[in-house]
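just the structure for this:
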Amino acid sequence: MFNADFDAFFSRAPSGGLDQDSAFRSWWKEQVFLRWWDEDWSWEGLLQKKLDNPDCPTLQHHWAEEEGNLISFGGRDWTCFHLPLQDLKGNPSPKAEWSNNAYNNIYKEPLLQLLKNDAADLRGTVFPRKFSFEKIGVHIYANFSSAWFCERASFEGAVLEKGANFENAIFEGGAIFSEARFQDGAHASFNNAIFKGSTDFSGCNFKGGSAFCATIFLSNTTFHGTTFESYAHFHKTRFTKPPDFGEANFSTDKYFGGAEFKDMKFPRESLFVNAKFNNSEWDNVKFGRGANFSLAIFYESKFYNVVFSSKTSFDNTTFDDVTLSKTHFKDNVSFSGCMFKRNISFEGSTFEKDADFSVPQPDQDSTNIRSSFSEISFEGAEFLGDVTFANRRFTHKTSFAEAVFHGLPGFHDARLHQDTDFRGAKFLGTKALINELRESKPKGSWIFTTSWRAWRRQKKVERNKRASQLERAYRTLKLFMQEKRAHNEEGLFFALELECRRLQSTVPLFERWFATLYKGFSGYGESLTRPIFLWLLTQAMFGFVYGWCIAHSNEPEWQDVARFTLEQSVRPFAIWSERYRSAYEQSGGWIANYLGQETFPFLELIASVQAIISLSLIFLFFLALRRRFRMG
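Numbers count the residues shown, from 1 in each chain. Next comes the predicted model:
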């Protein structure tokens, strides 16, 4: 009812200040009060409110005893129970001026008597003062739909045996439902309700279903220790201050769908410490300033398109058959010490900053359930920051297929399962190092100045430290793959390890130079096609050189040039031997005229360079071939 307009109010009003206060008062008057007024709970309006009772077909018939006591106000006739405190122009009604005695005699006592007689349909009623339903038993389905509680309403310890309807209700002064009981099969609905003051559902027990769809909480709200034994729906619910769901228990039986949080926004930090979620669904939920799920328990729950905009903690939380697909963590997130029992999925999720999946201390017992990962999938996940799985034990199938690691993948002292899939995974930590050094530059300083040199030295120190961390991380994964005889993955992480070492300025220049050649010629032994392509390119280039150098004095046949070029790869350095020279002289080949002659004195040297390059490329090709297809 009010939710869409409330979102529009927040999008237009600036945060804080008189403008926001003025906009809020305008929203409260034009949207909340005006809509309640337009529902028309006057005497004539009650005639339009139908009931499923042939003997009492309308709400006017239900309040027939009040016909002789109607109050004219705002151009309408009202019962004393439905009379508002003001009209559209803000003029106060007689109800606003009641004395305590008048309030007790005209309103409170008759209303309590109606509740005791199980004859109260309180839709649209206006409660002008604090009203308490504490520790009373209501044996009928209590209907407070569109009721207006002008001051605090207390249902503390109340027992609502057949459920209650608070849809579209307005709690202007807040509400207390702590320790209230909604009995077996009793549905409680707070859909579209507005809680302007602080709200307390702590220790409340919803044995039947509960619904808070499109409900707006404008002040402090607590569900601490609340028990939801059946389904609980929080579709498009809005909390403007941090709600406390600490130690709340969301459970369900096989007939219900559990807790459902859909299209919700938590603009402030949210507390779900020690909460229990059984068969819960979180769809398109956005947490604005952090969320704390420490020590919570999730069983058969699903997160889809959930956004955590600030730091998030799932420390020591238990996950059993939980899906967190396409979840977006915009800040650091911690799953430290979590227990992952079975069927856990982070497929398609994004971690913009650091993610911690570690356990605090190494566990000598590899079967310990606290440190173990059961079947888990990070397929298609993207880690933009560092991620650590330190001390974890992967005891079942694990998938990092198509995952992207922009930062450091920390698996120190972890144990990977044999069925660990890194198919299509990308490790871009080294590229990030190179790009960072290229793109960043000191502000307000020219190249080669003193400040630029100091900045350059500092950047090298930082890059060396980061590259060393990445080198150790990739080495750890390489050793894991080596232990599992996964040679393709072993080669991948070996190449990444070498690249990290090449980027460190503390490594000897000679070693870095050869590493650069190794990378360029064969991708650290990972490429089979690059050495072959470079070998063919080498033959073409040297063949062109041979043909060009002698074209000024003779026009050799291209077949002869091709044959000579190929010979330098097949018979390397043979050009230096007398037998080779004699064979060409006896055959009358064109090349014999240039061997050892002043016209072209460097032919032997050029052919030797070709031989060295060709042999190197052939060696790199067979080395990559062996690494790709070796066994054992």
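
pretty sure Phe400 is touching Thr420, no?
Yes: contact status for Phe400 versus Thr420: in contact at 7.3 Å, counting by CB atoms under 8 Å. From N, CA and C alone the C-beta is placed, and that goes for glycine too.

need the residues touching each of the two.
Residues touching both Phe400 and Thr420 (CB atoms under 8 Å, 6 or more residues apart in numbering): there are none.

looking at those two, which one has more neighbours?
Shown here are Phe400 and Thr420; by other CB atoms under 10 Å, Phe400 has more neighbours (22 against 18).

the more buried one and Lys330, how far apart?
Phe400 sits 22 Å away from Lys330, taking CB to CB, to the nearest Å as the criterion.

can you pull the buried residues of the longest helix anywhere in the chain?
In the chain, assigned by DSSP state H, the helix with the most residues is helix 450-483. In terms of neighbour count (16 or more other CB atoms under 10 Å), helix 450-483 has its buried residues at 455, 463-464, 466-471, 473-478, 480-481.

and the helix or strand following that helix, what's buried?
With elements assigned by DSSP states H and E, the helix or strand that comes after helix 450-483 is helix 487-502. Residues of helix 487-502 classed as buried: 487, 489-502 (neighbour count, 16+ other CB under 10 Å).

list of residues touching the next helix or strand after helix 487-502?
The element immediately downstream of helix 487-502 (helix or strand, assigned by DSSP H and E) is helix 509-522. Applying CB under 8 Å, 6+ apart, the contact partners of helix 509-522 are 498-499, 501-502, 524-525, 530-531, 534, 616-617, 620-621, 623-624.

buried among these? Need that as a selection in ChimeraX.
Of those, the buried ones can be selected in ChimeraX as follows, counting by 16+ other CB under 10 Å:
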select :498,499,501,502,524,525,530,531,534,616,617,620,621,624
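
which stretches of the chain have low pLDDT?
The model of the chain has pLDDT under 70 over residues 1-20, 115-120, 135-140, 251-259, 362-370, 436-449, 452, 549-557, 577-602, 631-632.

and with 50 instead?
Confidence mapping of the chain against pLDDT under 50 gives the ranges 13-18, 253-257, 363, 365-367, 598-600.

middle-most residue in it, spatially?
The centre of the chain sits closest to His328, judged by CA atoms, centre = their mean, with a distance of 2.3 Å.

in stretch 228-244, what counts as buried?
Residues 228-244 are the ones in stretch 228-244 that count as buried (16+ other CB under 10 Å).

start to end distance for stretch 389-396?
15 Å (CA to CA, to the nearest Å).

how far does that stretch sit from its chain's centre?
Its chain's average C-alpha position is 21 Å from that of stretch 389-396, according to CA atoms, centre = their mean, to the nearest Å.

outside of it, which residues touch it?
With contact meaning CB under 8 Å, 6+ apart, stretch 389-396 is reached by 357-363, 366-368, 371-376, 410-417, 419-420.

buried subset of these as a PyMOL selection?
Per 16+ other CB under 10 Å, the buried members of the contacts of stretch 389-396 correspond to this PyMOL selection:
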select buried, resi 357+358+359+363+371+372+373+374+375+376+410+411+413+414+415+416+417+420
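
now the closest residue to Phe127 other than its chain neighbours: how far from Thr222?
Closest residue in space to Phe127, ignoring its immediate chain neighbours: Phe149 at 4.7 Å, by CB to CB, 6 or more residues apart in numbering. For Phe149, the distance to Thr222 equals 18 Å [CB to CB].

between the two, which has more neighbouring residues?
Neighbour comparison, Phe149 and Thr222: the larger count goes to Phe149, with 26 against 21 (by other CB under 10 Å).

show me the contact partners of stretch 324-339.
In contact with stretch 324-339 (CB under 8 Å, 6+ apart) are residues 290, 302-319, 344-360, 369-370, 385.

just the buried members of these?
Using 16+ other CB under 10 Å as the threshold, 290, 302-304, 306-319, 344-359, 385 are the buried ones among the contacts of stretch 324-339.

how about Val285, phi and psi?
phi -100, psi 140 (degrees, to the nearest 10).

thought it was touching Asp263?
Yes: with contacts counted by CB under 8 Å, Val285 reaches Asp263, the gap being 7.5 Å.

just want to know which of the two has more residues nearby.
Val285 (23 against 17).

any idea how far that one lies from Tyr299?
Taken as CB to CB, the span from Val285 to Tyr299 is 18 Å.

and Glu66, by the same measure?
The spacing between Glu66 and Tyr299, counted by CB to CB, is 51 Å.

between the two ends of stretch 499-511, how far is it?
One end of stretch 499-511 sits 12 Å from the other (CA to CA).

now do stretch 206-222
Its start and end residues considered, stretch 206-222 measures 15 Å (CA to CA).

burial measure for Asn104, as a count.
So Asn104, with other CB under 10 Å, has 14 neighbours.

Three-state assignment for Gly424, please.
coil (DSSP: H, G, I helix; E, B strand; the rest coil).

element containing Arg123, please.
Applying DSSP H and E, one finds Arg123 in no helix or strand.

neighbours of the closest residue to it other than its chain neighbours, how many?
Here the nearest residue to Arg123 in space, its sequence neighbours aside, is Ser145; by CB to CB, 6+ apart that works out to 4.5 Å. For Ser145, the count of nearby residues is 22 (other CB under 10 Å).
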